[in-house]
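Novice: Sequence and predicted structure, then a few things I'm wondering about:
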Amino acid sequence: MKFIILFGPQAVGKMTVGQSLVAKTNFKLFHNHMSIDLVSNFFDYGTPAGKRLVQVIRQEIFEEISKSNLDGLIFTYVWAFDLQSDWDYIENISDLFRSRGAEVYYVELEADLEERKVRNKTENRLIHKPTKRNTEWSENELIETNTLYRLNSLSDEIKQQHYLRINNTHLSADTVADMIIEKFKLK
């Protein structure tokens with residue numbers, strides 16, 4: 001199995017690139033809002049109950065998938081590099097998949113803030129992420145989070161063997177997916 005962690009700031013294109021990868025491989029996509037939006041029907045993600053439920057759902061899905069015979073899983077994540085808890089989380093899920101024989105790949109996306117504001121309002125994003133449909137709130141959150149946290153790594157900060165960083169400001173999701181497939185020989 002191949003486990004791809006596709007990370008970067010909000011509205012950078014993680015889900016859309018993941019969708020393109022799914023279309024070009026036999027992998028499954030678990031974008032971060034699948035759990036967030038489910039839980040938000042009951043609890044705000046920012047509450048202790050909301051955060052706990054998202055964590056439990058993700059962990060249970062990872063447990064089952066890591067034991068399965070699926071070819072691959074793509075997981076999207078907003079990684080705050082200045083939070084040790086995010087580093088620990090990525091390490092824990094990576095270790096889980098590695099412990100069951102999976103190869104783990106790290107793909108970091110980056111794009112200009114102005115482009116991310118445009119992508120924040122795309123039809124595909126709003127269809128698949130109900131909690132982002134209030135685009136004024138969502139854009140404010142995007143800007144605020146961008147000032148509070150460091151959402152892209154520093155040069156040489158990620159030491160993993162299977163790592164790729166792509167500035168996709170001016171690239172289509174299909175082009176980015178092709179770059180990932182070629183780099184990691186996923187076909």
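Specialist: Yep, it's here.
Novice: make it CA atoms for all contacts and neighbour counts henceforth
Specialist: Noted.
Novice: And what about F3, helix, strand or coil?
Specialist: strand (DSSP: H, G, I helix; E, B strand; the rest coil).
Novice: so what's the residue nearest the centre of the chain bridging to?
Specialist: Nearest to the geometric centre of the chain sits T76, at 1.5 Å (C-alpha atoms, centre = their mean). T76 has these beta-bridge partners by DSSP bridges: L6.
Novice: distance of it from E136?
Specialist: For T76, the distance to E136 equals 23 Å [C-alpha to C-alpha, to the nearest Å].
Novice: and what of R100?
Specialist: Using C-alpha to C-alpha, R100 is found at 42 Å from E136.
Novice: the helices in the protein, which residues?
Specialist: Secondary structure of the chain (DSSP state H): helices at 14-24, 33-39, 48-66, 84-99, 113-119, 123-128, 135-148, 173-184.
Novice: quick one: the biggest strand by length in the chain to helix 14-24, angle?
Specialist: Identified as the longest strand of the chain according to DSSP state E is strand 103-110. Angle between the axes of strand 103-110 and helix 14-24 is 130 degrees (criterion: axes from the mean of the first three to the mean of the last three C-alpha atoms, to 10 degrees).
Novice: Which elements pack onto strand 103-110?
Specialist: Taking 3 or more C-alpha pairs under 8 Å, 6 or more residues apart in numbering; DSSP states H and E as contact, the helices and strands that strand 103-110 lies on are strand 2-7, helix 84-99, strand 163-167.
Novice: outside of the shortest one, which residues touch it?
Specialist: Spelled out, it's strand 163-167. The contact list for strand 163-167 (C-alpha atoms under 8 Å, 6 or more residues apart in numbering) reads 105-111, 176, 180, 183.
Novice: between it and helix 173-184, how many degrees?
Specialist: Counting by the same axes, to 10 degrees, strand 163-167 lies at 150 degrees to helix 173-184.
Novice: ok so, going back, okay, the longest strand of the chain in PDB with CA atoms only?
Specialist: In PDB, the C-alpha atoms belonging to strand 103-110 read as follows (Å, rounded to 0.1, in the frame of the first residue of the first chain):
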ATOM      1  CA  GLU A 103       5.200   3.200   1.800                       C
ATOM      2  CA  VAL A 104       4.600   6.800   3.000                       C
ATOM      3  CA  TYR A 105       4.900   9.800   0.700                       C
ATOM      4  CA  TYR A 106       4.800  13.400   1.700                       C
ATOM      5  CA  VAL A 107       3.600  16.000  -0.900                       C
ATOM      6  CA  GLU A 108       3.600  19.600   0.100                       C
ATOM      7  CA  LEU A 109       1.600  22.200  -2.000                       C
ATOM      8  CA  GLU A 110       2.100  25.900  -1.800                       C
END
